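Participant: next one to model:
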Amino acid sequence: MTENNNGAWAAEIRAELVRNILPFWQERMRDPEGGFFGAAGCDGVVDAAAPRSSVVNARILWTFATATRMLGDGYRATADWAFDYLGRHFLDVTHGGLYWLLDADGRPLSDRKQTYAQAFGIYALSEHARATGSGDSLDLAIGLYRLVEQHAADRAGGGYIEALDRAWQPLDDMRLSDKDLNSPKSMNTHLHVMEAYTNLLRVWRDPELEARQASLIAITLDRIVDNRTDHFRLFFDRDWRPLDGHVSYGHDIEGSWLLVEAAEVLGDAALLARVRAVAMLMAERTLAEGCDSDGSLYYEADHDGRLVDANKHWWPQAEALVGFYNAYQMTGDTAFRTAAADVWAFIRDKVVDRQHGEWHAKIKPDGQPYTVAEDADACLAGPWKCPYHNARACFEMIERLEG
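Facilitator: Residues are numbered from 1 along each chain as shown. The predicted structure follows:
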């Protein structure tokens, strides 16, 4: 298998990125009138009338900015296209921040200020600045960071509030999606604020940002990680009391490597040592509990460890690839390398859509992809389906295997 040779494995992953994932978004999903179409079905047919999500547009911007930085200027035009649309349509010029959702013509459908969306704006804009040297991108990223700190930071209890209205005032319903609890704080939002601050620190070493990131990493270790189970807790009240006992295997393994990255970029040796120890426990737990016999990663379990969803969603597979390989790099334990190779084989053989491009959103327990007639969430592109988890996994693995 190519996974036994770093160079061959990296070449295979690079080919998936440049021949399958990136062309799908450049050639099928780019709207010639501006931005990117909001959805495409399992058959590859684009829905030009679908709403457009700020999170997806920011993730597309991050993807093509990273492609520009790592693969060359052939991706710069797509990155700039995404940057232009984000600034012209998603940015609220009156109150600041990014709208949550637009219609296909670029008009706000939901003008709420979800902290999660602001985080992805910071993440994407800082990457565009990193790749291109754009001062405009950096200024916008810093501006979003300051808005988050001004309005969403809970200075008394620590961490960040999930969502506010357009004018940054309280909301009754703060849910990120219909599948989430209406809780004032969540693992998911804090994980991606941390990820955003990591990337902003790469291009802007501000002392206050460093302090906020150190606090966020500590909150993740002290409040969000359940040190009895080595899983993330998912939802919390304002005082950090857990509201749910479910386990998200994809977030656990994603968080294990994002925590290490955050601590490495921050540069606090003592905090990094603590993070690495926790990350290893999380990776070990995911490997022990979350992997199927075919190498894939399960989606979610209840508080008793019973599977809530036996299907294989695309994004946990991408995160398992990076997370297990990161654990191998930290420990030299070949069981983690084998796990990464196994999940890559599952991705390559079952998840990649060889006909239309991109990846299937959801795979049945028998290894076959769902059709949209069978499951409404089965799509190649949609309000949560974009080239973030899979492209990021490819970028990470290319760097790690070739490094």
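Participant: can you pull out the helices in the stretch 251-400 of the chain?
Facilitator: Listed in chain order, the helices of the stretch 251-400 of the chain (DSSP state H, counting those that start in this stretch) span 269-289, 314-331, 334-346, 389-402.
Participant: ok, the residue lying closest to T286 once chain neighbours are set aside - contacts?
Facilitator: Nearest residue to T286, sequence neighbours excluded (C-beta to C-beta, 6 or more residues apart in numbering): I253, at 4.6 Å. To be clear about C-beta, it is placed using only N, CA and C from the backbone, and glycine gets the same treatment. Counting by C-beta atoms under 8 Å, 6 or more residues apart in numbering, I253 makes contact with M282, A283, T286, G290, L297, P316, E319, A320, G323, F324.
Participant: low-confidence regions, this structure specifically.
Facilitator: 1-3 (pLDDT under 70).
Participant: how about 90 then?
Facilitator: 1-4, 178-179, 303-304, 309-310, 371-373, 375-378, 403 (pLDDT under 90).
Participant: that older thread, redo the helices of the stretch 251-400 of the chain as TSV? Include mean neighbour count and distance to Y85.
Facilitator: Listed next are those as TSV, based on neighbours: other C-beta atoms under 10 Å; distance: least, C-beta to C-beta, whole Å:
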stretch	mean neighbour count	distance to Y85
helix 269-289	18	36
helix 314-331	24	23
helix 334-346	21	33
helix 389-402	21	18
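Participant: the residue nearest to T286 and E162, how far apart?
Facilitator: 23 Å (C-beta to C-beta, to the nearest Å).
Participant: hmm, L102 is touching H89, no?
Facilitator: Yes - under the criterion of C-beta atoms under 8 Å, L102 makes contact with H89 at 5.9 Å.
Participant: now list whatever residues contact both of the two.
Facilitator: R52.
Participant: which one of these two has more residues nearby?
Facilitator: Using other C-beta atoms under 10 Å as the criterion, L102 and H89 rank with L102 on top: 22 against 19.
Participant: quick one, what contacts that one?
Facilitator: Contacts of L102 (C-beta under 8 Å, 6+ apart): P51, R52, S54, H89, F90, P108, L109.
Participant: for Q329, see how far away E399 is.
Facilitator: From E399 to Q329 the distance is 11 Å (C-beta to C-beta).
Participant: whoops, I mixed them up, V203
Facilitator: 25 Å.
Participant: got a list of what the closest residue to T229 other than its chain neighbours touches?
Facilitator: The shortest distance from T229 to any non-neighbouring residue, by C-beta to C-beta, 6+ apart, is to R285 (7.2 Å). For R285, the contacting residues are T229, D230, H231, D252, by C-beta under 8 Å, 6+ apart.
Participant: which ones among these lie within strands?
Facilitator: Cross-referencing the contacts of R285 against strands under DSSP state E gives H231.
Participant: most neighbours, which of the contacts of R285?
Facilitator: Counting by other C-beta under 10 Å, top hit in the contacts of R285: H231 with 28 neighbours.
Participant: pretty sure that residue is touching G250, no?
Facilitator: No - using C-beta under 8 Å, H231 makes no contact with G250, being 11.6 Å away.
Participant: D222: how many residues sit nearby?
Facilitator: 11.
Participant: check Q355 too.
Facilitator: Counted with other C-beta under 10 Å, Q355 comes out at 8.
Participant: dump the residue contacts of the residue nearest to it when sequence neighbours are not counted.
Facilitator: Leaving aside its sequence neighbours, Q355 sits nearest to G44 (C-beta to C-beta, 6+ apart; 7.4 Å). Shown in contact with G44 (C-beta under 8 Å, 6+ apart): R28, Q355, H356, G357, L380.
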